[in-house]
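Chemist: Generate coordinates for the sequence data below:
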Amino acid sequence: MHDIKQIRDSKDIFIAGLAKRAGFGPEKAEDAVAKVLELDNTWRGAKAAFEQHRARQNEASRAIGAAKASFKPRQRTYTTAVAATRLGRDWVGIELNATYRALALDRIAAMVVRDRTRPQGGDAQPKGHHHEPTQERAA
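Modeler: Below you'll find the predicted structure:
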């Protein structure tokens with residue numbers, strides 16, 4: 001077993017040592033080392049491409065995590081939506097049950113009204129958007 005770094009760093013010494021073995025001459029040893037170094041370069045290129053791909057994948061995962069922070073399917077209590085509204089951020093929620101949807105939107109609206117009427121000191125105005133409950137279409 002030989003260390004590929006040692007072969008790369010001391011190519012000529014390795015070729016000379018390999019040429020002394022039975023069945024190897026200088027030309028055959030040089031060809032063998034050239035093939036080994038070519039494979040090493042191919043492997044190193046593939047490894048670098050993989051690492052770049054992994055970095056892009058990690059970046060995409062972070063972006064997905066950030067998106068999920070404001071996207072909560074089946075929210076029920078809509079705690080995230082209330083917090084996002086208070087911070088003036090957009091949010092998306094999915095609720096299949098019209099009753100829960102109406103309750104959640106009423107809760108958000110009540111929190112916004114409560115925040116606006118709560119004394120905050122100075123002229124500070126709470127951030128957020130008022131979301132009016134909407135009527136469900138008959139299915």
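Chemist: and the most centrally placed residue in the chain, how far is that from residue 54?
Modeler: Central residue of the chain (Cα atoms, centre = their mean): residue 61, 1.7 Å from the mean position. In this view, residue 61 and residue 54 are 10 Å apart by Cβ to Cβ, to the nearest Å. In short, each C-beta sits where N, CA and C put it, glycine included.
Chemist: pretty sure the residue nearest to the centre of the chain belongs to a helix, no?
Modeler: Yes: applying DSSP: H, G, I helix; E, B strand; the rest coil, one finds residue 61 inside a helix.
Chemist: elements contacting whichever strand or helix holds residue 56?
Modeler: Element membership of residue 56 [criterion: DSSP states H and E] is helix 26-69. The helices and strands touching helix 26-69, judged by 3 or more Cβ pairs under 8 Å, 6 or more residues apart in numbering; DSSP states H and E, are helix 4-9, helix 11-19.
Chemist: Single out the most deeply packed of those helices.
Modeler: Highest mean neighbour count of these: helix 11-19, a mean of 15 (counted as mean count of other Cβ atoms under 10 Å).
Chemist: how far off helix 26-69 does that helix point, in degrees?
Modeler: Interaxial angle of helix 11-19 relative to helix 26-69 (axes from the mean of the first three to the mean of the last three Cα atoms, to 10 degrees): 120 degrees.
Chemist: domains for this protein, by residue range?
Modeler: 4-67, 70-139 (automatic domain parsing).
Chemist: Tell me where the model's unsure across this protein.
Modeler: Scanning the chain for pLDDT under 70 picks out the ranges 67-77, 120-139.
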